[in-house]
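> I'd like to go over a predicted model; first the sequence, then the structure.
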Amino acid sequence: MILCCGEALIDMLPYELNTGQHCFVPKTGGSVFNTAVALGRLAVNVSLFTGISKDLFGEMLTKELSDSQVGTDYLVHFDLPTSLAFVKFVEQQAQYTFYSAQAADTMLTPSDLPKDNSEFKGIFLGGISLCTDPTASTLLTLLRKNSKRSVIFLDPNIRPSFISDERSYRLRLNEMIELSDIVKLSDIDLTWLIPDDSSLNAKIKKLFGYSGKLVVMTRGEKGAVVFHSGKKIAEAQSLPTILGDTVGAGDTFNAGLICSLINQGVFTKEDCTEPSELAMQNALIFATKSASYTVSKVGAVSPWLSEIS
């Protein structure tokens, strides 16, 4: 089983009525939630660990998980509101304003952690859930307990406007990176982590050195690249797509990558340390294909396996 750990929220998407009035339409979302849903639709055995409100939005989130074949045994229910993310599109690129103070997905504590972690083949985490305590520190505790036996896949999906204490965030993120086997970064993430004019390769080496981690870089229209021990081992170009919007594209990419690695039989800690270049190339191609489906839709809509296989 893959355990996805992190935020589950409601994206408020802008919409114009026939009358010309503007409103926002609630859609299930959150980076980690989207990845879990995409994995379920790709027929991967997956569950979500997050805090879920007992309000109507929490009901929407839980139903979407069940409908997408995502396990709900690790949901922790709170009498707290659901996080909201209001979306604004600038040149079809999503910009977010978050409202999540004291929301259900930000309030996880170590006592909420799964009691038996032995069944987790992999743990995926990231997004804004890494920014806010107590959830952020709780997820770090989870990694410390499981980094020796589970494949750890980290996607920070950095939102600078959401980070209230940059020093604490960087310290926590650095330890999470150290404990991870696969780290996925966008070019925007990398620029925030290393804000200088050095090349992509130089930044990767500066951040990861020659460690045995798989580093997956997504570059929007330029496609994606995988590095290992300071060397580029795989690359895939983005597929031509009629653009709906970019909401959830990176999350579907993550799911596609994990799905392909599992189906090729190379989703193990050993395979991350000594990766097959062919397997990583195949995984990148499938991940890019999966993401292109989401990009062609409005909102974080991920494909069922039958739609892209």
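Received it, and whenever you're ready, just let me know what you need. Residues are numbered from 1 along each chain as shown.
> can you tell me how far the nearest residue to Ala43 once chain neighbours are set aside sits from Ala101?
Excluding its sequence neighbours, the residue lying closest to Ala43 (Cβ to Cβ, 6 or more residues apart in numbering) is Leu305, at 5.0 Å. C-betas here are computed from N, CA, C, even on glycine. To Ala101, Leu305 is 38 Å away according to Cβ to Cβ, to the nearest Å.
> mean confidence for stretch 221-235?
Averaging pLDDT along stretch 221-235 gives 89.
> So which residues make contact with that stretch?
By Cβ atoms under 8 Å, 6 or more residues apart in numbering, the residues outside stretch 221-235 that reach it are 200-201, 204-205, 208-219, 236-238, 253, 275, 277, 280-281, 283-284, 287-288.
> show me where the stretch 1-150 of the chain has helices.
All helices of the stretch 1-150 of the chain, identified by DSSP state H, counting those that start in this stretch, fall at 31-41, 56-67, 135-146.
> Can you say which of the ones you listed is packed in most?
helix 31-41 (a mean of 30; mean count of other Cβ atoms under 10 Å).
> ok, how many other residues are close to the residue lying closest to Ser211 once chain neighbours are set aside?
With Cβ to Cβ, 6+ apart as the criterion, Ser211 has its nearest non-adjacent residue at 7.1 Å, and that residue is Ser229. Ser229 has 17 neighbouring residues, counting by other Cβ atoms under 10 Å.
> Check the offset of stretch 176-183 from the chain's centre.
Here the centre of stretch 176-183 is set off from its chain's centre by 14 Å, with Cα atoms, centre = their mean, to the nearest Å.
> neighbours around Pro275, how many?
Pro275, neighbours per other Cβ under 10 Å, totals 21.
> right, and it touches Gln264 too?
No: if you go by Cβ atoms under 8 Å, Pro275 and Gln264 don't touch, sitting 11.0 Å apart.
> Residue ranges in this protein under the pLDDT threshold?
Low-confidence segments of the chain, defined by pLDDT under 70: 92, 116-118, 210, 240-245.
> Quick check: which helices or strands does the lengthiest helix in it pack against?
For the chain, the helix with the greatest residue count under DSSP state H is helix 277-295. Here helix 277-295 touches strand 224-228, strand 231-236, helix 249-263, helix 305-308, going by 3 or more Cβ pairs under 8 Å, 6 or more residues apart in numbering; DSSP states H and E.
> What residues of it count as buried?
Going by neighbour count (16 or more other Cβ atoms under 10 Å), the buried part of helix 277-295 is 279-280, 282-295.
> Which members of those define the maximum pairwise distance?
The most widely separated members of these, counting by Cβ to Cβ, are Ala279 and Val295 (24.4 Å).
> And stretch 111-123, end to end?
End-to-end distance of stretch 111-123: 18 Å, with Cα to Cα, to the nearest Å as the criterion.
> Let the chain start at 377 from now.
Yes, from this point I'll number from 377; that puts the last item at stretch 487-499.
> which residues are in contact with it?
Residues external to stretch 487-499 that are found in contact with it (Cβ under 8 Å, 6+ apart): 377-379, 381, 425, 427, 450, 452, 514, 517-519, 521-522, 525-529, 634, 638, 643.
> so how far is it from its chain's centroid?
On Cα atoms, centre = their mean, the centre of stretch 487-499 falls 18 Å from that of its chain.
> Over to stretch 668-685?
Chain-centre distance of stretch 668-685: 16 Å, with Cα atoms, centre = their mean.
> CA atoms of that stretch as CSV?
What follows is stretch 668-685, C-alpha atoms only, in CSV (Å, rounded to 0.1, in the frame of the first residue of the first chain):
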residue,chain,number,x,y,z
SER,A,668,-1.2,15.9,-19.9
TYR,A,669,-4.7,14.5,-19.3
THR,A,670,-5.2,16.7,-16.2
VAL,A,671,-3.8,19.8,-18.1
SER,A,672,-6.5,19.2,-20.8
LYS,A,673,-9.2,19.5,-18.1
VAL,A,674,-10.5,22.4,-15.9
GLY,A,675,-9.6,21.7,-12.3
ALA,A,676,-7.7,18.8,-10.8
VAL,A,677,-9.2,16.0,-12.9
SER,A,678,-7.1,12.8,-13.0
PRO,A,679,-7.5,10.0,-15.5
TRP,A,680,-8.7,6.4,-14.8
LEU,A,681,-6.2,3.9,-16.0
SER,A,682,-8.5,2.8,-18.8
GLU,A,683,-8.4,6.3,-20.2
ILE,A,684,-4.7,6.5,-20.8
SER,A,685,-3.5,2.8,-21.1
